[in-house]
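Engineer: Quick check, what structure comes out for this input:
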Amino acid sequence: MAWQEERIDQNVYSQGDPDKWVYSTCNICSIGCGCYVAVKDDQIVGIKGNGAHPTNRGRLGPKGENQWQANQAPDRLTSPMIRNASGQLEKASWEEAMALIAEKARESLDRLGPNSISFYSTGQGFLEDYYTTAKIGRAGLQTHLLDANTRLCTATTEFCLLQSFGADGTPASFDDVDKTDVLMLFGHNPAETGTVFFERIMDRKQRTGKPYLIVVDPRETMTAREADLHIPLKPGANLPLMNGIVNAVLQNGELDREFIENHTVGFEKMKESVDGWTLEQTAELTGVPLDKLRQLTDVLGSTSSLVTTTLQGAYQSGNATTSCVAINNLHLIRGLIGKPGSGPLHMAGQPSSSANRTAGGVGTYPAHRNPTNPVHLKEMAELWNVEEERLPAGPEKSIEDIISLIEKGKVGLFWNIGTNPMVSLPNRKRARKALESVFVIVQDPFLTETSAVADVILPAALWGEKEGTMENADRTINVLRKAIEPPEGVKSDFEILLDFAERMKFTDKDGQPLIQYSTPEACFEEFKRVSKGRPCDMTGITYDRLENENGLRWPVPDEKSEGTPRLYSDFKFHTKPDDAQTFSKDQLTGRALTKEEYTEIGANGRAILQPTRYIPPYEQPNDEYPTWLTTGRLVWHWHTRTKTARSPILHMAAQHGYVEINEQDAEEMGIVEGEVVRITSPRGEIEVPARVGTAVQPGLVFVPFHFGNWDKKEAANELTVDHVDPLSKQPLFKQAACRVEKIRTNHQVAAGDSLESIAANYGITADELRAANHIETPYEIQMGTALEVPVSIINTPIQPYLPYRNNM
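Structural biologist: This next block holds a predicted model:
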């Protein structure tokens, strides 16, 4: 167990002790911290960490310990809503709403045929919801248009694993982080996005000096400040960096030749693809000093154990899948996989995005089955007792593909479950225009920005008000028990899906209901049968085992199994054609390969060393837009703040959008701290206050993406490109071109004016006016002098969160 001591974090607001504590799991990030929900008078009144859970030993992050406050928010939806003929949303009964949805679904099928209905779900639901979506979608509606906001978050995780190992499932686990000598956090900022995980790293490091910590990030994040070696590369340079590293390891002969020969294929093509990537060329393209690159390659080439984590900095950048495949290649050529303390740990972002992939709610069929393999389609038809030809086949469709299909009039109904795409999608103006042209269902506990395009809104239950399982970033399955009933008029996602299936009268080939379970636990038992013999085999898991043993990592093939801490310890990979989850894609273009092409690779149980050819970013700074733009998350908020903004503590800690700008650039442009500036890209503009410092490098600005109210000009995704990675179809949020401009008015100094009086007239301080005009003393202004006055200055302090610097 990683932690030497437990620490029970809790946040409770109750008059008197809670009536009971109900077993659960945190529903915010992907770490999967065990917790208990406090219940008083049939209301959720708090949370505390589970000291026995190995993931966190009782610790909770700031978002996790405040998540329960959303349950008590006064603006919870408690009734369905339907948009009336005059365009206004008005309350409706569940019968009216569900009858309309069923009517519109039939209308879409009659008018446009199968594949005309799309589900767009979340990474914050339960495995049982995702599996039910998969079954209804594919066997009921015959649609392949199943995607989720996981596409925006961590789709690249799945596709880099498929390319290298033949199946989803990250090889290493958190246990390996506790054992490794070297930990490389590649585009991963856990000090803000997975705080308990970072505490775990720092706890061990403070006690033992290990691991040697490498952080690859263009920004000097809170994580980077704790690194032994920070690699501040340029935006879009992930693959040049990895190609330089891999080539250096090859040139230095720091290889596990026996492992390469016995357990991999593709070495020569991979080697050829990195030839010529000298450290000098790598330094030029990445902007990383040569001495740092040499230090980095020395460490990575000599260590006997290595865990590499990745997250959005890798997944949302150019060459996303190929960069992560290059990380897999590094582990394979060094033989650092399937061993204690070694392996890639490609992270998830949301608490159950991994379960959505595992259950088939997105992309491939349930339990990692290949939608282009007739063998797997036949298995699913038998398991679901439906005709094989009824199941849609072919490569997955991403949300950007679905938006394009809507624009072409090929989609009649778009069902949005537990996500807020009108803030989270790139180039959101385009997405809004598309969704305004189709019948949209929004299933959410609250009115969100996406409600603006909804035709029907269904009020959904929150964490603590429903039961089910989630899968965290390292394959651990956790159970969440129902603590209370949802508010009157509110239903769980699971109940809503079952209601829809019943109204649509979906049946199997014997005329029996397609969905024959009625509870989440019964659904899980069916999924276990579907998973049997597959990479994610959960045959040995039960709800009771999950609670009694505080989670289990799949595969768990029988009741005696205690789970699997790391994959591929036998060096056998899922690359036999009829075992593989995919027939792979062309590593450069993303074209789906045929079974014949995949068979010709000849992997047959060995890992695949893929070539990693570099493509420069689609959009780069130019004369009109001279600055790099990158986006990301803050420690105090989650996604589009639907839940975290309803916590007073979290909201007060970070109330506004802003732009982070390097002090050198601010000095050159004359921008002062807090000044509202305009950020413009080829797609739109926002106006947000500037935070000046050294966290971003010169020539780069950072905007958090959490903020997106239609009434304010602060949504980062007004600016972002809707280009996607050719393999994972994940949008490239991390790289766009923009320009930064001051928004100022001119004031001509008149007789009797002073800095104080002028500043007061415009609602700013004299010091702010002095800084905006580079005035050192008040005596420098004369009558007739033209002063520039910022239109607004907003103080945007972000409260630091650094628990790992204290006693843990």
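
Engineer: Kindly export stretch 558-569 (C-alpha atoms) in PDB.
Structural biologist: What follows is stretch 558-569, C-alpha atoms only, in PDB (Å, rounded to 0.1, in the frame of the first residue of the first chain):
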ATOM      1  CA  ASP A 558     -12.900 -15.900 -11.400                       C
ATOM      2  CA  GLU A 559     -14.000 -15.500  -7.800                       C
ATOM      3  CA  LYS A 560     -10.500 -16.500  -6.600                       C
ATOM      4  CA  SER A 561      -8.700 -13.800  -8.500                       C
ATOM      5  CA  GLU A 562      -7.600 -10.700  -6.600                       C
ATOM      6  CA  GLY A 563      -7.300  -8.600  -9.700                       C
ATOM      7  CA  THR A 564      -4.400  -7.700 -11.900                       C
ATOM      8  CA  PRO A 565      -2.000  -4.900 -10.800                       C
ATOM      9  CA  ARG A 566      -0.300  -4.700 -14.200                       C
ATOM     10  CA  LEU A 567      -1.000  -6.100 -17.700                       C
ATOM     11  CA  TYR A 568       1.300  -8.100 -19.900                       C
ATOM     12  CA  SER A 569       3.400  -9.600 -17.200                       C
END
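
Engineer: Please identify the buried residues of that stretch?
Structural biologist: 561, 563-568 (16 or more other C-beta atoms under 10 Å). C-beta: built from backbone N, CA, C; applies to glycine.

Engineer: How far off centre is it?
Structural biologist: Relative to the mean C-alpha coordinate of its chain, stretch 558-569 is positioned 26 Å out (C-alpha atoms, centre = their mean, to the nearest Å).

Engineer: Under a three-state scheme, what state does residue 292 occupy?
Structural biologist: helix (DSSP: H, G, I helix; E, B strand; the rest coil).

Engineer: Quick check: pLDDT value at it.
Structural biologist: With respect to pLDDT, residue 292 has a value of 97.

Engineer: Then residue 791?
Structural biologist: We note a pLDDT of 88 for residue 791 in this prediction.

Engineer: what residues are up against the nearest residue to residue 174 once chain neighbours are set aside?
Structural biologist: Leaving aside its sequence neighbours, residue 174 sits nearest to residue 474 (C-beta to C-beta, 6 or more residues apart in numbering; 5.0 Å). Contacts for residue 474 (C-beta atoms under 8 Å, 6 or more residues apart in numbering) come out as 32, 170, 172-174, 345, 553.

Engineer: need the contact list for residue 691.
Structural biologist: Per C-beta under 8 Å, 6+ apart, neighbours of residue 691: 658-661, 673-674, 796, 798.

Engineer: Quick check: it is in a helix.
Structural biologist: No: assigned with three-state DSSP, residue 691 falls outside any helix and is strand.

Engineer: Look up the pLDDT of it for me, please.
Structural biologist: 94.

Engineer: Specify the beta-bridge partners of it.
Structural biologist: On the basis of DSSP bridges, residue 691 is bridged to residue 660.

Engineer: Kindly provide the distance from it to residue 672.
Structural biologist: Distance from residue 691 to residue 672, counting by C-beta to C-beta, to the nearest Å: 11 Å.

Engineer: now do residue 71
Structural biologist: 41 Å.

Engineer: try residue 452
Structural biologist: Residue 452 sits 35 Å away from residue 672 when distances are taken as C-beta to C-beta.

Engineer: quick one, which of these two is more surrounded?
Structural biologist: residue 672 (22 against 15; other C-beta atoms under 10 Å).

Engineer: burial count for residue 533?
Structural biologist: Neighbour tally, residue 533, other C-beta under 10 Å: 12.

Engineer: Secondary structure element for it, which one?
Structural biologist: Assigned by DSSP states H and E, residue 533 falls within no helix or strand.

Engineer: tell me the centre residue of the protein?
Structural biologist: Centroid check for the chain by C-alpha atoms, centre = their mean gives residue 153 as the closest residue, at 2.6 Å.

Engineer: which SS state does the residue lying closest to that residue once chain neighbours are set aside fall under?
Structural biologist: Spatial nearest neighbour of residue 153, chain neighbours left out: residue 349 (4.1 Å); criterion: C-beta to C-beta, 6+ apart. What three-state DSSP gives for residue 349 is coil.

Engineer: and residue 349, what is it in contact with?
Structural biologist: Contacts of residue 349 by C-beta under 8 Å, 6+ apart are 29-30, 123, 150, 153-154, 193, 311-312.

Engineer: State the pair within those that is farthest apart.
Structural biologist: For those, the farthest-apart pair by C-beta to C-beta is 150 and 193; their separation is 15.0 Å.

Engineer: Give the residue from these two that has the larger number of neighbours.
Structural biologist: residue 150 (30 against 26).

Engineer: was I right about the more buried one contacting residue 123?
Structural biologist: Yes: when contacts are counted by C-beta atoms under 8 Å, residue 150 is listed as touching residue 123 (4.5 Å).

Engineer: what do these two both touch?
Structural biologist: 348-350, 353, 356.

Engineer: From those, pick the one nearest residue 698.
Structural biologist: residue 349 (28.6 Å).

Engineer: Next one: that closest one relative to residue 552, how far apart?
Structural biologist: 22 Å.

Engineer: Please apply the same query to residue 492.
Structural biologist: From residue 492 to residue 552 the distance is 24 Å (C-beta to C-beta).

Engineer: ditto for residue 791
Structural biologist: 56 Å.

Engineer: what are the ranges of the strands in the stretch 501-650 of the chain?
Structural biologist: Ranges of strands within the stretch 501-650 of the chain are 552-553, 607-608, 627-632, based on DSSP state E, counting those that start in this stretch.

Engineer: what packs against the longest one?
Structural biologist: Counting contacts by 3 or more C-beta pairs under 8 Å, 6 or more residues apart in numbering; DSSP states H and E, the secondary-structure elements packed against strand 627-632 are strand 700-704, strand 736-742.

Engineer: how about the longest one: buried residues?
Structural biologist: Just to be clear, that refers to strand 736-742. Those would be 736-740, 742, for strand 736-742 by 16+ other C-beta under 10 Å.

Engineer: How about the secondary structure of residue 235?
Structural biologist: Residue 235 ends up coil, using three-state DSSP.

Engineer: That one - how many residues pack around it?
Structural biologist: 24.

Engineer: wait, isn't it in contact with residue 617?
Structural biologist: Yes: counting by C-beta under 8 Å, residue 617 is a contact partner of residue 235 at 7.4 Å.

Engineer: what touches both of these two?
Structural biologist: residue 735.

Engineer: How about residue 259, nearest residue that isn't a chain neighbour?
Structural biologist: For residue 259, the closest residue by C-beta to C-beta, 6+ apart turns out to be residue 335, at 3.6 Å.

Engineer: pretty sure the one you found is in contact with residue 256, am I right?
Structural biologist: Yes: between residue 335 and residue 256 there is a contact at 2.9 Å, judged by C-beta under 8 Å.

Engineer: Look at those two and report which has more neighbours.
Structural biologist: Higher neighbour count among residue 335 and residue 256: residue 335, with 20 against 16, using other C-beta under 10 Å.

Engineer: Three-state assignment for that one, please.
Structural biologist: Applying three-state DSSP: residue 335 is coil.

Engineer: mind listing what it touches?
Structural biologist: Residue 335 neighbours (C-beta under 8 Å, 6+ apart): 256, 258-260.

Engineer: Okay then, goodbye and thanks.
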